[in-house]
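Q: Pasted the sequence and its predicted model underneath.
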Amino acid sequence: MSKGEETRQFIIEKAAPIFNVKGIAATAMSDIMEATKLSKGSMYVHFENKEVLACAAVDHNMKVLGDKILAAISKAKTAKEELFIYIDFFNNPLNPPITGGCPLLNFGMEADDTNPIVKEKVNGGIKFTQQILENSINKGITNGEFKPDWNASDFATIIFAMLEGGNLISRTSGSNDKMKVIIRTLKEMIEEKSH
């Protein structure tokens, strides 16, 4: 990586958690300058404006989250274990794997009416996540772990929606109690479809 590329990556890595915590609209370039200790001129050499930096931060947050999920799932020996690991990955929204919580939820809620570029990035992240889940279910059907009548696409949507909802409830209430209910329910649903 060239010096310029290193600096650009450094700015993204410092900016990503700030955008995820404060949101795009509430984050000022001065917040990023304070975190990076770089001048305004240095910032604008690498990013023409806050929106360009915000998009890079969204990409970074989603990549970090995706990489962590894939690393966790890769340890599974069965399709059922993959689903359980995925579900357990989100068991503590008050201590999330990414600073500020789930970037799909955070940026998705902020961008749905205001930022079509970020909205599309988040939509892509949701589709990617649901595909991971769908692949695990289909693998389990193929290898005989799960009943063949299980609709993988529908259940991938259910898992994703329930965990994101649990994330929202937990973070706004300051308690993981409801997430525990959701996790238990999802695992029971998986057990019902298991041989």
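A: Yes, it's here. Numbers count the residues shown, from 1 in each chain.
Q: Mind listing what's buried along the longest helix belonging to the chain?
A: Ranked by residue count and defined by DSSP state H, the top helix of the chain is helix 116-142. The neighbour-count check on helix 116-142 (16 or more other C-beta atoms under 10 Å) flags 118-119, 121-122, 125-126, 129-130, 132-134, 136-141 as buried. The way it works is simple: take the backbone N, C-alpha and C, and place the C-beta from them, glycine included.
Q: Specify the next element, helix or strand, located C-terminal of it.
A: helix 152-173 (DSSP states H and E).
Q: Kindly tell me how buried Glu192 is, as a neighbour count.
A: 10 (other C-beta atoms under 10 Å).
Q: Could you check how far it is from Glu82?
A: 17 Å (C-beta to C-beta, to the nearest Å).
Q: Quick check: pLDDT value at Thr114.
A: With respect to pLDDT, Thr114 scores 87.
Q: Check Lys3 too.
A: Looking at Lys3, its pLDDT reads 89.
Q: Now do it against Phe10, distance only.
A: Plainly put, Lys3 is 10 Å away from Phe10 if you go by C-beta to C-beta.
Q: more neighbours, these two?
A: Higher neighbour count among Lys3 and Phe10: Phe10, with 13 against 7, using other C-beta under 10 Å.
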